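*Asks:* what follows is a predicted structure for the sequence shown.
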Amino acid sequence: MSRPPKPKGRWNDLRRRMGSAAIMLAIGGVEIWLGGMTFAILVLILTGVMMWELARMTAPGKVMANIGLGLMATAVLYGVLAYPEPLGLLPLLVPSLAGIAVPRRDKPIYFVYAAGLMLAGFALIELRAGPGTLAILWLIAVVVASDVMGYFAGRSLGGPKFWPRVSPNKTWSGTIAGWLGAAIVGLGFVLLADAGWGLIVLSPFIALAGQLGDIAESWIKRRSEVKDSSSLIPGHGGVLDRFDALTGAVLAVLALSLAWPLPLPEMGN
C-alpha cells in the first residue's frame, strides 16, 4: 500500500528559497569580482532573458516575436552604453514600443515593466562603474537579507497580509523583518566599509523597493495565470523570478540618486 503524501508545511519551500538566495549570491559574487566588460555582458544577457520572459507571459503565442524582443533588449542596452549620444536614455524605450506593436494582453503593464527592466539593467552597470564593487555588494546584501529575514519571520509569526489580493503569502511581520534585516546590513557597511550613517536609513527603503519589485512581478504572473516566469532555472522558475526584487531595488537607488547624493559605500573599480 502506498503511503499518503505528506502534508505541506509552512517550511515546505525553504530549500527552494535558500537555493534562490544562493544563486543570487553566487551570480552577484562573480559579477562583483570580474567587473568591467564581463560584468556588463552578464547584465546585458540577463536583461535580454528577463525581457523575453516578460514578453512570453503577456503574449505566450508569439514565440519568435518574444525571442526577438529579448535580443532587441540586449542590443539596445549595449547601444545606449556604447553610444550614449545624442539620444541619451530614450532608446531604452524601444523594446517597450516594439512589444506593444504585437498583440498581447496588458499592453500598458508590459510597456511600463519593460521600460523598468531596461532602466534597471542600465543603472546596475552604471552603479558598478561608478561607486563600484562595495555598492553592488551592499545592494545585493540588502535584497537577500530582506528576502531571507522576511521569509523566516513571515512563516514563524504570520499575522495580517501585506497585500493579499496581489501577493497572498506576504505578511506585515515578514515585510517589517525584511526592513530590519536591511538596516542591519546598512549598519554592517557603516562599521566595516566606512559608509555614511545615512545608509542605515536608506537600506530599509531599498528593501521596500525590492519587496515591491517582487510583488509587481507576482501580480503580472497572476494576471498571466502562470506560476513562474519561465523554467530556465530547474526547480526555481525563471530569471525574472530571481531578479525581480533586485530590479526594484536598483531602480530605487537610481531614482533617489537623482534627488540627492546617496551615502553609498565606495571602493575602486
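*Replies:* The structure has been received and is ready for your questions.
*Asks:* got the phi and psi for Leu264?
*Replies:* phi -80, psi 140 (degrees, to the nearest 10).
*Asks:* swap that for Lys161, please
*Replies:* Residue torsions, per degrees, to the nearest 10, at Lys161 are phi -80, psi 150.
*Asks:* next one: Gly188
*Replies:* According to degrees, to the nearest 10, Gly188 has phi -60, psi -40.
*Asks:* let me see the contact set for it.
*Replies:* Applying CB atoms under 8 Å, 6 or more residues apart in numbering to Gly188 gives the contacts Ala141. No exception for glycine: its C-beta is placed from N, CA and C like everyone else's.
*Asks:* my read: Ala73 touches Leu119, true?
*Replies:* No - if you go by CB atoms under 8 Å, Ala73 and Leu119 don't touch, sitting 11.4 Å apart.
*Asks:* for the residue nearest to Leu92 when sequence neighbours are not counted, helix, strand, or coil?
*Replies:* Distances taken as CB to CB, 6 or more residues apart in numbering put Met118 closest to Leu92, at 4.0 Å, once the chain neighbours are dropped. Following DSSP: H, G, I helix; E, B strand; the rest coil, we place Met118 in the helix state.
*Asks:* Met118 is in contact with Ser96, isn't it?
*Replies:* Yes - using CB under 8 Å, Met118 is in contact with Ser96, at 7.5 Å.
*Asks:* neighbour count winner among these two?
*Replies:* Between Met118 and Ser96, counting by other CB atoms under 10 Å, Met118 is the more crowded of the two (24 against 21).
*Asks:* so how far is Leu97 from the residue nearest to Leu92?
*Replies:* 11 Å (CB to CB, to the nearest Å).
*Asks:* one more: Leu254?
*Replies:* 21 Å.
*Asks:* these two: who's more crowded?
*Replies:* The neighbour count for Leu254 versus Leu97, taken as other CB under 10 Å, is higher for Leu254 (17 against 11).
*Asks:* nearest residue to that one other than its sequence neighbours?
*Replies:* Nearest one to Leu254, counting by CB to CB, 6+ apart, is Ala123 at 4.1 Å.
*Asks:* many thanks, we can stop here.
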